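A.B. asks: sequence first, then the predicted structure:
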Amino acid sequence: MAYKVVRKEVLNPTIFLMEVEAPLIAKKAEPGQFIILRIDEYGERVPFTINDYDREKGTVTIIVQIVGKTTQDLSKVEAGEYLLDFAGPLGTPTPLEGKKKVAVIGGGLGTAIAYPQAKKLHKLGANVTVITGFRNKELIILEDELKEVADKLIIATDDGSNGNKGFVTDMLQKEIDAGEKFDEVIAIGPLVMMKFVCKVTEPYGIPTMVSMNPVMIDGTGMCGGCRVIVGGETKFACVDGPDFDGHKVDWDSAMKRGRMFADYEKRSCAEGHCRIGRTNKED
Amino acid sequence: MPNMRPDKNPMPEQCPNERNKNFLEVTTGYTEEMAIDEAKRCLNCKNRPCMQGCPVSVKIPEFIERIAEGDFEGAYRKIKETNALPAVCGRVCPQEKQCEAKCVRGIKQESVGIGRLERFAADWHMQHVEDKIEVPEPNGKKVAVVGSGPSGLTAAGDLAKRGYKVTVFEAFHTAGGVLMYGIPEFRLPKDIVQKEIDNLRAMGVDIQTNVIIGKTIMIDELFDEMGYDAVYIGSGAGLPSFMGIEGESLNGVYSANEFLTRINLMKGYKFPEYDTPVYVGKNVAVLGGGNVAMDAARSAKRLGAENVYIVYRRGKEELPARAEEVHHAEEEGIVFKLLQNPTRFIGNEDGWVTNIEVIHMELGEPDDSGRRRPVPVEGSEEILDIDTVIVAIGQTPNPLIRKTTKGLETNRKGCIIADEATGKTSRDHVNAGGDVVTGAATVILAMGAGKAAAEAIDKDIQG
């Protein structure tokens, strides 16, 4: 079995979008869930959060940032080619019902993952403020899509090149200071960003949901590699999450666990199985 | 006149110091001469006590008689009458607790090497005979099998033989379950498992990988939308148990499932040719005393660990692993720290495990399992230098199916409640068996359950 890539788009120099034919997954997918893919026989199983799904077309879209060996290899798979394995939807969907006013915060690639939450909240009739942050304006992604689903869209850049300098945490603080009352904040992005968003919301007691994306193999609760400590208890991000109450997450431990295979990743990039000259045209 | 040699013909194997550096199979199998000689040790007892010890009732004296006569293919066929996976069982069954425990020769001397002979017959067949797969006449009924481990494969094979159109759903990208992700290559070569799976496919069984029942498709949808007449759940015990002690989330602490899956399924031992890494440090502690613990310890040694310890809270007599695995592990230089129980993991500031603290134990009165209960010796704590920990203290069934299937009763351990003889559950037309019912047990018990359920499903449907 193989899964056809029907569309591929480069969103910025390191981030690309892939729409993959996977009708069974498209039928069930909900915001907050993820898939696990494997490019070919030599590949790792790597989780990617679902960015969008089309139940009628039977496709699932993921947005990928090139950070290591697998994502580098994935960036070379073109539309019309195939991925060997694509499984899901995994994880528990984000509970989005019954919210009135929500701030959805995405940092960098996290913007892609925050998009389906914003879209669904909008559809459910919530007032949605989307705050996203990028290093500079060249890296901004999904601006048009987000405009469609956000009642208010704030895009910040670290260098101010889009005319709005600052971090997402600064933007959130401004909103709160201006008197905006959020029932909930949903933060998706790098661990350090999510940690600081939680620091902003904690004094105001605003419930803050974060999306964890640790190393995992199966995504069904079988390896236990994705352990995160939440409220002093060990949880598996794949089945208990990936969304957790950000005020209860042990960020220090999560960040350290994130580095467990860092040296191997470098070696894999340097010495790993060479895919030059191989294609994924047929399975 | 039987061969009255008192001990089993020894199993040829790679020498310990060589094999603990490679992933090739440890034991290389009997030659034809050895097999015939060993087969002649069988007394061909009239009441066949050995068969009573076999969960799938292999006709043991009959197959052994054929080996003694040099009819190796005949022996294989005799085993195949009741056992779908002889090459697997010959390698991984705990024979010393089953067939060989009942062998009359074993009362005063060593039992007949039944497992070794089973493996010989299966290997001989694989090397010399091309399988002719017959596609059975379809009976027009559809059965879904959840999980492609030993239980699911057995049920699928038995149902397909009866003419059912069988679809097996597997969550991973490769079929085989624990035979593929759990048991290492050096104990069960993956080619053997793959061959059995290919044979099932040739028989018309459709195996769909990357489908997680309870996520991708629900049990109810199998009936309501996809038109299956019955479902067999053989999804195993995939959820790893942890100790629940301080420091368990430190880097360098794995579940045995993660460690073994990285190695076996993802071929981590061939990193960086394969992309999946597996970290092994210098001093490895494996917690637990079962087959999974032995597999993890011996894999760690093969990946270059200098010191590998099995830390087990009871004594050597109580080790639940197969005797042969314990023996092989010892030969390969695994050190057994018995009557010791971890109390906490200690890490450095980067979040890596550097030490474990253990407390020494002594054995008290027998507990529910009949084994003597280990009791901590006060003040006996000891700190060990350890940079890799593999937790192999057991697994429980994955909750995905029970959480998404209404009316499917489970017990407090999360195991599906099913009739032992038929696998019938609280849901009509849903049978279950193997580890998902019993909790983590053996390959052969899971196969026995798959076999029994296939028969029950057939009766149920045919009325």
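C.D. replies: Cool, the structure landed.
A.B. asks: from here on, just use CA atoms for contacts and neighbour counts.
C.D. replies: Noted.
A.B. asks: tell me where the longest strand sits in chain B.
C.D. replies: Counting residues, the longest strand in chain B under DSSP state E turns out to be strand B:353-366.
A.B. asks: quick one, the helix or strand that that strand is followed by and strand B:353-366 angle?
C.D. replies: Sequence-wise, the next helix or strand downstream of strand B:353-366 (DSSP states H and E) is strand B:372-376. Going by axes from the mean of the first three to the mean of the last three Cα atoms, to 10 degrees, strand B:372-376 is angled at 130 degrees with respect to strand B:353-366.
A.B. asks: returning to what we had before: chain center to the longest strand of chain B, what's the gap?
C.D. replies: 27 Å (Cα atoms, centre = their mean, to the nearest Å).
A.B. asks: direction included, what does it pair up with?
C.D. replies: strand B:340-347 (antiparallel), strand B:372-376 (antiparallel), strand B:382-385 (antiparallel) (DSSP bridges).
A.B. asks: lowest average confidence across the ones you listed, which one?
C.D. replies: Among the strands paired with strand B:353-366, strand B:372-376 has the lowest mean pLDDT, at a mean of 90.
A.B. asks: please enumerate the strands of the stretch 1-150 of chain A.
C.D. replies: A:3-12, A:15-21, A:34-38, A:46-54, A:59-65, A:82-83, A:85-90, A:101-107, A:127-134 (DSSP state E, counting those that start in this stretch).
A.B. asks: for those strands, which one sits closest to chain B?
C.D. replies: strand A:85-90 (4.9 Å; Cα to the nearest Cα).
A.B. asks: is chain B within reach of the closest one?
C.D. replies: Yes: under the criterion of Cα under 8 Å from any Cα of the partner chain, chain B is reached by strand A:85-90 at A:85-90.
A.B. asks: mind listing what that strand pairs with, with the direction of each?
C.D. replies: strand A:34-38 (antiparallel).
A.B. asks: CA atoms only: put the longest helix seen in chain A into CSV for me.
C.D. replies: Among the segments of chain A that qualify as a helix by DSSP state H, the longest is helix A:110-123. Extracted C-alpha coordinates of helix A:110-123, given in CSV (Å, rounded to 0.1, in the frame of the first residue of the first chain):
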residue,chain,number,x,y,z
GLY,A,110,2.9,25.9,14.8
THR,A,111,0.8,28.3,12.8
ALA,A,112,0.1,25.4,10.4
ILE,A,113,-1.0,23.3,13.3
ALA,A,114,-3.1,26.0,14.9
TYR,A,115,-4.9,26.7,11.7
PRO,A,116,-7.4,23.7,11.9
GLN,A,117,-8.3,24.7,15.5
ALA,A,118,-9.0,28.3,14.4
LYS,A,119,-11.0,27.0,11.4
LYS,A,120,-13.1,24.7,13.5
LEU,A,121,-13.7,27.3,16.3
HIS,A,122,-14.8,29.8,13.7
LYS,A,123,-17.2,27.2,12.2
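A.B. asks: other residues contacting it?
C.D. replies: Contacts to helix A:110-123, defined as Cα atoms under 8 Å, 6 or more residues apart in numbering or on different chains, come from residues A:31-32, A:49-52, A:63, A:94, A:96-97, A:99, A:104-106, A:127-128, A:130, A:132, A:141-142, A:145-146, A:149-150, A:186-190.
A.B. asks: 6 Å - rerun?
C.D. replies: With contact meaning Cα atoms under 6 Å, 6 or more residues apart in numbering or on different chains, helix A:110-123 is reached by A:31, A:51, A:106, A:149, A:188-189.
A.B. asks: just stretch A:155-169 next, same as before
C.D. replies: A:131-137, A:197.
A.B. asks: possible to save those residues as JSON lines with distance to chain B?
C.D. replies: Below are the contacts of stretch A:155-169 laid out as JSON lines (distance: Cα to the nearest Cα, whole Å):
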{"residue": "A:Ile131", "distance to chain B": "31"}
{"residue": "A:Thr132", "distance to chain B": "30"}
{"residue": "A:Gly133", "distance to chain B": "28"}
{"residue": "A:Phe134", "distance to chain B": "28"}
{"residue": "A:Arg135", "distance to chain B": "27"}
{"residue": "A:Asn136", "distance to chain B": "31"}
{"residue": "A:Lys137", "distance to chain B": "34"}
{"residue": "A:Val197", "distance to chain B": "23"}
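A.B. asks: out of the residues you listed, which is most surrounded?
C.D. replies: A:Thr132 (33 neighbours; other Cα atoms under 10 Å in any protein chain shown).
A.B. asks: what's around B:Ala39, how many residues?
C.D. replies: 29.
A.B. asks: residue contacts, it?
C.D. replies: Contacts of B:Ala39 (Cα under 6 Å, 6+ apart): B:64, B:68.
A.B. asks: ok, it to B:Ile133 distance?
C.D. replies: 29 Å (Cα to Cα, to the nearest Å).
A.B. asks: what do you get for A:Tyr3?
C.D. replies: Taking Cα to Cα, one finds A:Tyr3 at 30 Å from B:Ile133.
A.B. asks: A:Lys235 now?
C.D. replies: A:Lys235 is 46 Å from B:Ile133, by Cα to Cα.
A.B. asks: and if you look at B:Gly433?
C.D. replies: In this view, B:Gly433 and B:Ile133 are 26 Å apart by Cα to Cα.
A.B. asks: who's more crowded, these two?
C.D. replies: B:Gly433 (36 against 12).
A.B. asks: name the element the nearest residue to B:Val308 once chain neighbours are set aside belongs to?
C.D. replies: Leaving out its chain neighbours, the residue that sits closest to B:Val308 by Cα to Cα, 6 or more residues apart in numbering or on different chains is B:Val284, at 4.7 Å. Counting by DSSP H and E, the element that carries B:Val284 is strand B:283-287.
A.B. asks: do the same with B:Met180
C.D. replies: helix B:178-181.
A.B. asks: over to B:Leu117?
C.D. replies: Going by DSSP H and E, B:Leu117 is in helix B:114-128.
A.B. asks: give me the contact list for that helix.
C.D. replies: Contacts of helix B:114-128 (Cα under 6 Å, 6+ apart): B:72-73, B:76, B:86-87, B:90.
A.B. asks: helix or strand right after it?
C.D. replies: With DSSP H and E, the next secondary element past helix B:114-128 is strand B:142-146.
A.B. asks: helices or strands up against that following strand?
C.D. replies: strand B:165-169, strand B:230-233 (3 or more Cα pairs under 6 Å, 6 or more residues apart in numbering or on different chains; DSSP states H and E).
A.B. asks: check which helices and strands the shortest one sits against.
C.D. replies: Using 3+ Cα pairs under 6 Å, 6+ apart as the contact definition, the elements that strand B:230-233 packs against are strand B:142-146, strand B:430-432.
A.B. asks: right, and A:Met216 touches A:Val228 too?
C.D. replies: No: using Cα atoms under 6 Å as the test, A:Met216 is too far from A:Val228 to be in contact (11.5 Å).
A.B. asks: what about those two, which has more around it?
C.D. replies: A:Val228 (28 against 22).
A.B. asks: leaving aside the residues next to it on the chain, what's closest to the more buried one?
C.D. replies: Leaving aside its chain neighbours, A:Val228 sits nearest to A:Lys235 (5.3 Å; criterion: Cα to Cα, 6+ apart).
A.B. asks: quick one: secondary structure of that neighbour?
C.D. replies: strand (DSSP: H, G, I helix; E, B strand; the rest coil).
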